[in-house]
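Engineer: any chance you can model this:
(one chain, ligands or ions: 1)
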Amino acid sequence: MSTYIYDGNVYQTRSPLNGLEGYIAATAVSGAILSPLAYIGKLPVRQIKKEEQYNPIYKDCLYKALHKSGLYDMGVDIIKAQNADISPEYKSGRNAAYLIPDKKVIINTNKSACLGFHELGHAMNNLMSKYGIKYLTKMRYPGYVIAGIMEYFAIFSRTKPKEAQRNIMDIIEDNCGKIAFLAMMPMVAEEAIASIRGMKLAEEAGLPKELRQNMKKLLSKALMTYGGKAVLGGLAVYASRKIMDYFTRPKNIGNFDLFS
Ligand SMILES: [Zn+2]
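Structural biologist: Reported below is the predicted structural model:
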């Protein structure tokens, strides 16, 4: 550790040990902030299992929706995950996906056809949207990457006093929590729109009202997992940044005049 003068004030630099302490504290606090996500993530999975008893009805309507929406004519098709060489997440029916380049919905049609309407919603977002929503589909993955990068900006040591002139890196570091949250918004918005469109497709395909209500609950829970990631992820990045500032920012130990 050493002292130096900046703008009439005396500062004490921090040791690498302070950086390590900050990192440990930031990791612990982020972990605590993110811990509810494990619970939130289980909610849709539980309901998917409950809906399995109605699967034949969902499946019948799903194929009707695929044709009625015009998506089939645009080249969209459903891949039966149960027969495909694909990750267990999809094979088991716990999750479904829409693959943009292949125009394929991947789904276990014997277990979780209820998820298919939302995936067709993604297909509509990508193939039948005007500029705005199309832009969201293009932004979601870069946004996800930017949010991930912000986790690194959150744990950099601060070597400059608070009063020192800020450059672009400082501005990003100061706002990394907000940037992480905002970067995930295109994903949350696109998921919400896919669900709204999926609900509409289900109605048009004649899915009974009771099952549409179940599906609405399921899709709300699924959206909560995305919203939760954005909110809690942003908060975890924000908290890590504050903690690292506290541990690594050079300390102002008084006015230079007091020492001279
Ligand atoms: Zn989705």
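
Engineer: so which bits of the longest helix along the chain are buried?
Structural biologist: Scanning the chain for the longest helix, with DSSP state H as the assignment, gives helix 209-248. Across helix 209-248, burial judged by 16 or more other CB atoms under 10 Å covers 211, 214-215, 218-219, 221-230, 232-241, 243-245, 247-248. Backbone N, C-alpha and C define where each C-beta goes, glycine included.

Engineer: and for stretch 74-84?
Structural biologist: Buried positions in stretch 74-84, judged by neighbour count with 16+ other CB under 10 Å: 76, 78, 79, 81.

Engineer: which member of those residues is positioned nearest residue 139?
Structural biologist: Among these, residue 76 lies closest to residue 139 (CB to CB), at 21.6 Å.

Engineer: name the nearest of the buried residues of stretch 74-84 relative to residue 67.
Structural biologist: Closest to residue 67, out of all of the buried residues of stretch 74-84 and judged by CB to CB, is residue 76, at 10.1 Å.

Engineer: how much space separates the closest one from residue 124?
Structural biologist: 9 Å (CB to CB, to the nearest Å).

Engineer: for residue 221, same thing?
Structural biologist: Residue 221 is 21 Å from residue 124, by CB to CB.

Engineer: sorry, back to before: mind listing which of the buried residues of stretch 74-84 are in strands?
Structural biologist: Per DSSP state E, strands hold the following members of those: 78, 79.

Engineer: export the buried residues of stretch 74-84 to JSON lines and tack on pLDDT?
Structural biologist: Formatted as JSON lines, the buried residues of stretch 74-84 follow (pLDDT from 0 to 100):
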{"residue": "76", "pLDDT": "97"}
{"residue": "78", "pLDDT": "97"}
{"residue": "79", "pLDDT": "95"}
{"residue": "81", "pLDDT": "94"}
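
Engineer: just send the buried residues of stretch 74-84 back as JSON lines, with distance to residue 162 too.
Structural biologist: What follows is the buried residues of stretch 74-84, written out as JSON lines (distance: CB to CB, whole Å):
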{"residue": "76", "distance to residue 162": "54"}
{"residue": "78", "distance to residue 162": "56"}
{"residue": "79", "distance to residue 162": "55"}
{"residue": "81", "distance to residue 162": "53"}
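
Engineer: burial of the residue nearest to residue 62 when sequence neighbours are not counted, as a residue count?
Structural biologist: Spatial nearest neighbour of residue 62, chain neighbours left out: residue 116 (4.2 Å); criterion: CB to CB, 6 or more residues apart in numbering. Burial of residue 116 is recorded as 27 neighbouring residues (other CB atoms under 10 Å).

Engineer: residue 116 and residue 21: what is the separation?
Structural biologist: Residue 116 is 50 Å from residue 21, by CB to CB.

Engineer: quick one: find the helix or strand in this structure with the lowest mean pLDDT.
Structural biologist: helix 256-259 (a mean of 67; mean pLDDT, DSSP states H and E).

Engineer: where does the prediction get shaky in the stretch 151-260 of the chain?
Structural biologist: The stretch 151-260 of the chain contains residues with pLDDT under 70 at 258-260.

Engineer: residue 24 belongs to a helix?
Structural biologist: Yes: Residue 24 forms part of a helix when assessed by DSSP: H, G, I helix; E, B strand; the rest coil.

Engineer: alright, that wraps it up for me.
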